[in-house]
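Colleague: Sequence first, predicted model second:
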Number of protein chains: 2
Amino acid sequence: MQKIRSGTLAALLLGSILSPAIAQAASASDTAIREAALKDDVAWDITEGLTTEVGPRPAGTPLEAHARDWSVAKLKTLGFSNVRAEPYSMPVWLRVRDEVSIVAPFPQKLVVAALGNSGSTPEAGIEGEIVYFPTIADLQAAPDASVKGKIVFVSHDMVAAQDGSGYGYYGAARRQGPSIAARKGAIGILVKSIGTDHHRIAHTGVQMWADGVTPIPAVALSVPDAEQLARVAARGKPVRVHLTAVSKTLKDQPSGNVIAEIPGSDPKAGVIVAACHLDSWDQGTGAIDDASGCGIVAAAALQVAKAGTPRRTIRVLFAGAEEVGGDGGRAYFAAHGKEAHALVMESDFGADKVWRVDFTLPAGQEALGGRIGAALAPLGIVPSRDKAHGGSDIGPLVEAGVPVIDLQQDGTRYFDIHHTPDDTLDKIDPAQLRQNVAAWAVTLNLAANAPETLGVN
Amino acid sequence: MQKIRSGTLAALLLGSILSPAIAQAASASDTAIREAALKDDVAWDITEGLTTEVGPRPAGTPLEAHARDWSVAKLKTLGFSNVRAEPYSMPVWLRVRDEVSIVAPFPQKLVVAALGNSGSTPEAGIEGEIVYFPTIADLQAAPDASVKGKIVFVSHDMVAAQDGSGYGYYGAARRQGPSIAARKGAIGILVKSIGTDHHRIAHTGVQMWADGVTPIPAVALSVPDAEQLARVAARGKPVRVHLTAVSKTLKDQPSGNVIAEIPGSDPKAGVIVAACHLDSWDQGTGAIDDASGCGIVAAAALQVAKAGTPRRTIRVLFAGAEEVGGDGGRAYFAAHGKEAHALVMESDFGADKVWRVDFTLPAGQEALGGRIGAALAPLGIVPSRDKAHGGSDIGPLVEAGVPVIDLQQDGTRYFDIHHTPDDTLDKIDPAQLRQNVAAWAVTLNLAANAPETLGVN
């Protein structure tokens, strides 16, 4: 719970529980912006265009560069000011070929995808015996001798949740599992996909090797394949697996952010950053992660501009290289961190409807949260008592103390699709996408025109 | 509508509409068998075992042979009599490697699977310009000159239906599309998967070349990839595709049926065949198609046996090579077609609940349909006015005039999964599987003990 706004929020919450009529009424201009945004076509246009004309956009590759060019051209066409790419360079891990088969006792292929920064096997792959751990805690507790020379298989029991909260907890199997297994002497690791679907598509994702650990091949199994391997292991016979995960790593590859602005009338009031990320994993076309986020923030900024010049500049940030560790967010902060930032927001959780709004506002400025809550209520969005945290593209700004608002999207099906080949345009519901644009437009408009002092300026 | 039983059925239908109480009551033994079958574990045991311990079971391959050995051992253990494999040989088409990419204007990979009997490309693949037809009728109507030297892309608009009826109509794109395209001079064909899902998994399936047609490479695109290619084509620029579909064809490979019996007390009353198929496509583990069918028919036969020796022998047929053209069904007919067959039934539509029962019974024997309908009603199953047709494993017997009963399963999600990598055990709902066993056990019991003369004996 966030103390700085507890009074206002408690009143709002009580209001909505005891009598909705007590809640603050939205203004006529909020209503007009909301209604216009609910007819928006720009968010779809950007999402459809990026996923169709560019497709997959892995960080630091020519495909991501193509996406920057595409975005700069599109944002200029849409009427943004100060549109530019801001380059930086970074190391790049590239998937070459992933194949896993059970060799014994029941030979069959398994569907896999190497995790980011996986160690590479030789072209011919490696073979080893499986040691199965139902949870990462079981792996952590295992004596090194039981793991040494073997291929670890670690599972988990993630289930879908509206707020996506299972990802942090269960995602440890992917994020920490490989380093733990490598430290104990494993020759490779298979991780049950951090996903909530039952399709033969593996969820990739980044993992960082702990200090001093020598990388081993680390791959995700699709959920059905992980269940299959657990059934095979449950037969009690030694299970041997052949694992090929060939990858390569390149130094100093070009990546970059794309920035575009709706200039405000009061340069001293600080900039509002509306962020998404332009890169995607390689398996899908990055529709929910995160072309739709870029569509939403750009479309919402334009809806605000259509209503008149805002007090504050709205700066749209299409960040690069979010998936592989947030290089774009850090590069933005290095270049712009000392500018006055009034507020930051990020859209990076798909395109299903916004259902909740969280605030981290300066002490004394809770009234803005009240006005935003009232304007969002007709969209089916409720204020929460949780703090807003933002996402990794704005992480360094949030850490530096810039106020942040989170428009929380429904994540019930997000981890069915996340980081898989299934992240394609058909997963975007145009009606829910428009609801996102409306929620963002209303919020950006109120924040950009707020008379309160915001941010660290 | 089937005239031979219209009187009985009309009465039943009217009964169920006007007053359910008029419907014939199920007997105590029907109730006992149904309740016991609703606790069945055998169907799951067979489905889990075949999909886990054997996995994919392509016709005419060592994997299908392994499935026969596995089944013979399992059916003997379960107490069946006269358990044996009946071999035959057949030509076999084998997938080696399938890859398709858009080369221009928007380079990206597409998810595909070659169709059965596809022509093979060279190892390096082929490249060509796409010519797009929204429906097979558009392809059929196109002048040869518009197709010659190009790669045809044919789509369709199949939607899910409870009775699966879209498969016959829309499946023409897969079944006839390749021959039509080849006749018009196409160098390859991409067919939108005959499926109702939105996952990056392509639906393979057999297609037979029309007489005199030279095979061309023929592949299915996943539904999202077909939609993507249609969007790309809609931009109006020439679309070039690189297509690799390497395959090989082998002559005279060993396949076979597996047969097991519950012997009846009256050899003159004719045999009842309860069929499924043991082979599967190569991409999944053939859970809904058709390990579950084999689980259902074997489990149901055992439930009947537990209740006492039936009048008629129940012969379980795990047919080989259904997916590639029905070689197993034809081999069974060649070996056994002259024996007296009282009735045939087949389970080959997944494991979701039975919701309807269709009959094709001899004139004058409609009362059996009435008794079966009454016994099935507590399971939520209604008699229809449609004729029963059976499936391809029993096709030759049905054509020869053997009576047939179809326990129609809910196919709403069947074509999300059919012939894809997603056909795995997690798609089987144990509760619905047991409802199938109960429906089959009640039906087999009433038919096996029916005093009526059935079949062609």
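Modeller: Arrived safely, thanks for sending.
Colleague: Could you say which helix or strand holds A:Asp30?
Modeller: Using DSSP states H and E, A:Asp30 sits within helix A:28-37.
Colleague: Any buried residues in the longest helix along chain A, and which?
Modeller: Ranked by residue count and defined by DSSP state H, the top helix of chain A is helix A:430-448. Applying a neighbour-count criterion of 16 or more other Cβ atoms under 10 Å in any protein chain shown, the buried positions in helix A:430-448 are A:432-448. Glycine gets a C-beta too; all of them are placed from N, C-alpha and C.
Colleague: got it, and stretch A:385-403?
Modeller: For stretch A:385-403, the buried set under the neighbour-count rule, 16+ other Cβ under 10 Å, comprises A:386, A:388, A:390-398, A:402-403.
Colleague: and the nearest residue to A:Gly205 once chain neighbours are set aside, what is it in contact with?
Modeller: In space, and not counting its chain neighbours, A:Gly205 is closest to A:His419: 4.9 Å by Cβ to Cβ, 6 or more residues apart in numbering or on different chains. Residues near A:His419 by Cβ atoms under 8 Å, 6 or more residues apart in numbering or on different chains: A:Ile194, A:Gly195, A:His203, A:Thr204, A:Gly205, A:Trp281, A:Gln283, A:Gly284, A:Asp289, A:Glu323.
Colleague: Same question for A:Asp327.
Modeller: A:Ala59, A:Tyr88, A:Met90, A:Ser255, A:Gly320, A:Ala321.
Colleague: was I right about A:Val404 contacting A:Asp393?
Modeller: No: judged on Cβ atoms under 8 Å, A:Val404 makes no contact with A:Asp393 at a distance of 11.7 Å.
Colleague: how would you label the single nearest residue of the stretch 301-450 of chain A relative to chain B: helix, strand or coil?
Modeller: Closest to chain B within the stretch 301-450 of chain A is A:Pro421: 3.7 Å, counting by Cβ to the nearest Cβ. Under DSSP: H, G, I helix; E, B strand; the rest coil, A:Pro421 falls in the coil class.
Colleague: Was I right to think it contacts A:Asp282?
Modeller: No: in this structure, A:Pro421 is not within contact of A:Asp282 by Cβ under 8 Å, at 9.3 Å.
Colleague: In terms of neighbours, single out the busier of the two.
Modeller: Using other Cβ atoms under 10 Å in any protein chain shown as the criterion, A:Pro421 and A:Asp282 rank with A:Pro421 on top: 28 against 23.
Colleague: And for that one, nearest residue in space, chain neighbours not counted?
Modeller: B:Arg200 (3.7 Å).
Colleague: Now do the contacts for the one you found.
Modeller: B:Arg200 touches A:Ile201, A:Gln283, A:Gly284, A:Thr420, A:Pro421, A:Asp422, A:Thr424, B:Val111, B:Ser222, B:Pro224, B:Asp225, counting by Cβ under 8 Å, 6+ apart.
Colleague: one step back: top of the contacts of A:His419 by neighbour count?
Modeller: A:His203 (30 neighbours).
Colleague: so that residue touches A:Ala220, yeah?
Modeller: Yes: applying Cβ under 8 Å, one finds A:His203 in contact with A:Ala220, separated by 5.5 Å.
Colleague: which stretch of helix or strand covers A:Arg311?
Modeller: Going by DSSP H and E, A:Arg311 is not part of any helix or strand.
Colleague: So which residues on the stretch 101-250 of chain A come close to chain B?
Modeller: Proximity of the stretch 101-250 of chain A to chain B (Cβ under 8 Å from any Cβ of the partner chain) is limited to residues A:105-109, A:111, A:198-201, A:223-224, A:227-228, A:231-232, A:235.
Colleague: Please settle this for me: is A:Phe359 part of a helix?
Modeller: No: applying three-state DSSP, one finds A:Phe359 to be strand, outside a helix.
Colleague: what about it, how many neighbours?
Modeller: A:Phe359 has 26 neighbours, counted by other Cβ under 10 Å.
Colleague: who touches the residue nearest the centre of chain A in this structure?
Modeller: Taking Cα atoms, centre = their mean as the criterion, A:Asp348 is the residue nearest the geometric centre of chain A, at 4.2 Å. By Cβ under 8 Å, 6+ apart, A:Asp348 lies in contact with A:Ala275, A:Cys276, A:His277, A:Asp289, A:Asp290, A:Gly293, A:Glu322, A:Gly391, A:Ser392, A:Asp393.
Colleague: try A:His418
Modeller: With Cβ under 8 Å, 6+ apart, A:His418 has these contacts: A:Ile194, A:Gly195, A:His203, A:Ile288, A:Asp289.
Colleague: What of A:Val152?
Modeller: A:Ile130, A:Val131, A:Phe133, A:Leu139, A:Gly177, A:Ala181, A:Lys184, A:Ala186, A:Gly188, A:Ile189, A:Leu190.
Colleague: just how off-centre is whatever helix or strand it lives in within its chain?
Modeller: Here A:Val152 sits within strand A:151-154, counting by DSSP H and E. Relative to the centre of its chain, strand A:151-154 is centred 27 Å away, using Cα atoms, centre = their mean, to the nearest Å.
Colleague: ok, now stretch A:224-235?
Modeller: 30 Å.
Colleague: Identify the residues contacting it?
Modeller: Contacts for stretch A:224-235 (Cβ under 8 Å, 6+ apart): A:102, A:105-106, A:108, A:110-112, A:130, A:132, A:134, A:153, A:155, A:190, A:192-193, A:198-200, A:202, A:221, A:239, B:48, B:51-53, B:285, B:422, B:424-426.
Colleague: Filter those residues down to the buried ones.
Modeller: By 16+ other Cβ under 10 Å, the contacts of stretch A:224-235 give A:102, A:106, A:108, A:110-112, A:130, A:132, A:153, A:155, A:190, A:192-193, A:198-200, A:202, A:221, A:239, B:48, B:51-53, B:285, B:422, B:424-426 as buried.
Colleague: Mind checking which of those residues are in helices?
Modeller: Using DSSP H, those in helices are B:Glu48.
Colleague: For the helix or strand where A:Gly369 lies, buried residues please.
Modeller: Element membership for A:Gly369, per DSSP H and E: helix A:366-376. Across helix A:366-376, burial judged by 16+ other Cβ under 10 Å covers A:Glu366, A:Leu368, A:Gly369, A:Gly370, A:Arg371, A:Ile372, A:Gly373, A:Ala374, A:Ala375, A:Leu376.
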